[in-house]
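Colleague: model the structure of this input:
(chains A and B)
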There are 2 protein chains.
Amino acid sequence: MVLYIIGLGLHDEKDVTVRGLELIKSSDKVFLEAYTSVLSVGKERLEAFYGRDDIIVADRDYVECQAENIYLPAKDGNVSFLVVGDPVCATTHSDIMIRAREVGVKVEVVHNASAMGAVGCCGLQLYNFGQTVSIPYFDDNWRPTSFYPRIKYNRMGGMHTLCLLDIKVKEPDFEAMKRGKIVYLPPRFMLVNESAEQLIEAEDIRKGGAYIPNKTLCVGLARLGQPDQCIIAGTLEELKEADFGKPLHCLVICGEVHEMELEALRPYLIENSTFEIDAEGSLFDRGETD
Amino acid sequence: MVLYIIGLGLHDEKDVTVRGLELIKSSDKVFLEAYTSVLSVGKERLEAFYGRDDIIVADRDYVECQAENIYLPAKDGNVSFLVVGDPVCATTHSDIMIRAREVGVKVEVVHNASAMGAVGCCGLQLYNFGQTVSIPYFDDNWRPTSFYPRIKYNRMGGMHTLCLLDIKVKEPDFEAMKRGKIVYLPPRFMLVNESAEQLIEAEDIRKGGAYIPNKTLCVGLARLGQPDQCIIAGTLEELKEADFGKPLHCLVICGEVHEMELEALRPYLIENSTFEIDAEGSLFDRGETD
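Modeller: Numbers count the residues shown, from 1 in each chain, chains lettered A, B, ... in the order given. Purely as a prediction, here's the structure:
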């Protein structure tokens, strides 16, 4: 009796692995996690492909407050918990694994592609990426820039930074709640354009020179791993105006860009971009960290 | 007519995605890249599963010196180029994509799990990883420690470092070549134990305090994503003596370890390990990068 946490990859029902598909078909219960990311197809398409009509959609409330409903049934039968991308890339799934193991449930992970790996398709080398940051939606009263020093530290070390962009699914509508109704706002997925705007504002607030809005090379990516994937490279000022189409979007702020990386990026560069590549020689090459 | 570069994942023939499998079955030619990593099964098992008997194994020489034999046929038919893990995680595959596109060949990537993502299964959060380093085999005359300042920079910023360990496949036997014979040495895959030994030596050479051999927490991982995967956490001095079994191995040198990460790591900790967690508060938290 096992809790299988199965990655679904990035696009549609056919991105599951053959192993994952076999496990889903033979599981007693199947849950679909539906709030840290989304596929381009819905539950019905997955059910048709898996040959079953009993997938339970687990939203944020469900996974955070009723996780035992997911892992306890794995004491008596096999349970598949389906996750977009790879299961070990989001904090939430680490939490459910720990709790399941604590009560003696065996957990197995079926890996798959994740945005954190697939981002390498733009030509930037994955091993040159530093820590990943999340860009939250700014609102009128809350404009947090805690991502800023992390981007700066990455860039000082010559590293690229993957920025994951905010997803708001099933957010309560506080105005309606004041009137005693439980209403959810429509889902929101941050666009590269919005993230570029916020990053420019963050540099303006912090003034630390982490990046230069009209010079630092950045790469916007939309619908990573999907057939209509869109990649555009340019400065933040330029990406602010670029059209990436539908979600999901993410953004990379480049550190040092090596020759082969630039070569691979070339097809995606905005014409007449004003970007400037950082002078070669990071902290390491200059030996300053020694 | 497309060159499909298809990730095979980390374990066996069933780790390919359903989409990848369909493309392999319908391709006119299929190449298997066989030197940046290995699956736990060989070409024959893949051929049986794909229902074809014509897979061409492409070793390092082939991919580096005769790459056009792989991508040029994609002008007249569909070609699948199979790669262990994810195609965008190794430099070599970036090179072949650039060259194929230069001569007008359409390239599509089918993503899959890679060691760089699956390493998150040990409980360390993927977004806390800094740049990835490679640890090459030391020999009598060549003991390069260029990975050292990178690990140090990551750790100063509180980040974990994934160390990819050397793989030597089809290395020429220079002694035999002096006698006029072309002979290859047996393949070698660096073990966690060997890497721990070399890292301890590197600290001894550089003396930069990047990590402390009997204190810094590290995680050794063997056969990532395979059913007999082995994870052991402890100091370098401890991991030097631990038994991880067969290749492939990799190693993580931890930066700051957060509470939930330590909780997730606990089942893998060596009993009575002498590790000490870095004092909380990295450069960022102290605001020193601002």
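
Colleague: how about the closest residue in space to A:A74 that isn't next to it in sequence, secondary structure?
Modeller: Closest residue in space to A:A74, ignoring its immediate chain neighbours: A:L3 at 3.9 Å, by CB to CB, 6 or more residues apart in numbering or on different chains. In short, each C-beta sits where N, CA and C put it, glycine included. Applying DSSP: H, G, I helix; E, B strand; the rest coil to A:L3 yields a three-state assignment of strand.

Colleague: tell me how many other residues surround A:L3.
Modeller: By the measure other CB atoms under 10 Å in any protein chain shown, the count of residues near A:L3 is 26.

Colleague: then the one 3 residues further on?
Modeller: Residues lying near A:I6 (other CB under 10 Å) number 25.

Colleague: just list whatever residues bridge to it.
Modeller: A:L82, A:V110 (DSSP bridges).

Colleague: quick check, it in contact with A:V107.
Modeller: No: using CB atoms under 8 Å as the test, A:I6 is too far from A:V107 to be in contact (11.4 Å).

Colleague: for A:V252, list each beta-bridge partner.
Modeller: Note on A:V252: beta-bridge partners by DSSP bridges are A:L162, A:V219.

Colleague: so it makes contact with A:M159?
Modeller: No: in terms of CB under 8 Å, A:V252 does not count as a neighbour of A:M159; the distance is 10.7 Å.

Colleague: those two: which is more packed in?
Modeller: Comparing A:V252 with A:M159 by neighbour count (other CB under 10 Å), the higher total belongs to A:M159, at 26 against 21.

Colleague: what sits against that one?
Modeller: Applying CB atoms under 8 Å, 6 or more residues apart in numbering or on different chains, we find A:M159 in contact with A:N128, A:F129, A:G130, A:G255, A:E256, B:G130, B:Q131.

Colleague: can you check A:K29 too?
Modeller: Listed by CB under 8 Å, 6+ apart, the contact partners of A:K29 are A:D54, A:I56, A:P73, A:G77, A:N78, A:V79, A:S80.

Colleague: same check on A:N193?
Modeller: Applying CB under 8 Å, 6+ apart, one finds that A:N193 lies in contact with A:L239, A:K240, A:E241, A:A242, A:F244.

Colleague: please, which helix or strand holds it?
Modeller: When elements are assigned from DSSP states H and E, A:N193 belongs to helix A:192-206.

Colleague: chain center to that helix: distance?
Modeller: For helix A:192-206, the distance from its own C-alpha centre to the chain's C-alpha centre is 18 Å (CA atoms, centre = their mean, to the nearest Å).

Colleague: dump that helix to CSV, restricted to CA.
Modeller: The C-alpha trace of helix A:192-206 is given here as CSV (Å, rounded to 0.1, in the frame of the first residue of the first chain):
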residue,chain,number,x,y,z
VAL,A,192,5.9,38.6,-17.5
ASN,A,193,4.8,42.2,-18.2
GLU,A,194,3.5,42.6,-14.7
SER,A,195,6.6,41.0,-13.1
ALA,A,196,8.9,43.3,-15.2
GLU,A,197,7.0,46.3,-14.0
GLN,A,198,7.2,45.2,-10.3
LEU,A,199,10.9,44.4,-10.7
ILE,A,200,11.6,47.9,-12.1
GLU,A,201,9.7,49.3,-9.1
ALA,A,202,11.7,47.1,-6.7
GLU,A,203,15.0,48.5,-8.1
ASP,A,204,13.5,51.9,-7.6
ILE,A,205,12.7,51.2,-4.0
ARG,A,206,15.9,49.4,-3.0
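
Colleague: so which bits of it are buried?
Modeller: Neighbour counts over helix A:192-206 (16 or more other CB atoms under 10 Å in any protein chain shown) mark A:V192, A:N193, A:E194, A:S195, A:A196, A:E197, A:Q198, A:L199, A:I200, A:A202, A:E203 as buried.

Colleague: check the second one and give its pLDDT.
Modeller: In the predicted model, A:N193 carries a pLDDT score of 98.

Colleague: over to A:Y184?
Modeller: The score at A:Y184 is 87. That number is its pLDDT.

Colleague: ok now do it, which residues does it touch?
Modeller: A:Y184 touches A:K170, A:E171, A:P172, A:D173, counting by CB under 8 Å, 6+ apart.

Colleague: so what's the third one bridging to?
Modeller: Beta-bridge partners recorded for A:P172 (DSSP bridges): A:Y184.

Colleague: what about it, neighbour count?
Modeller: With neighbours defined by other CB under 10 Å, the count for A:P172 comes to 11.

Colleague: what's the most distant pair in the contacts of A:M159?
Modeller: With CB to CB as the measure, no two of the contacts of A:M159 lie farther apart than A:E256 and B:G130, at 14.1 Å.

Colleague: neighbour count winner among these two?
Modeller: The neighbour count for A:E256 versus B:G130, taken as other CB under 10 Å, is higher for B:G130 (26 against 19).

Colleague: can you pull the contacts of the more buried one?
Modeller: By CB under 8 Å, 6+ apart, the contact list for B:G130 reads A:130-131, A:154, A:157, A:159, B:150, B:153-154, B:157, B:159-161, B:255.

Colleague: same thing but at 6 Å, please
Modeller: With contact set as CB atoms under 6 Å, 6 or more residues apart in numbering or on different chains, B:G130 has these partners: A:G130, A:Q131, B:N154, B:M159, B:T161.

Colleague: closest to A:T92 out of the buried residues of helix A:192-206?
Modeller: The shortest separation between A:T92 and any of those is 21.9 Å, and it belongs to A:S195 (by CB to CB).

Colleague: touching, the closest one and A:L251? I think so.
Modeller: Yes: in this structure A:S195 lies within contact range of A:L251 using CB atoms under 6 Å: 5.2 Å.

Colleague: so which bits of chain A are right by chain B?
Modeller: Proximity of chain A to chain B is confined to A:14-15, A:17-19, A:86, A:88-89, A:94, A:98, A:109, A:111-114, A:116-118, A:120-121, A:126-128, A:130-132, A:149-150, A:152-153, A:157, A:159, A:208, A:225, A:263-264, A:284, A:289-290 under the rule CB under 6 Å from any CB of the partner chain.
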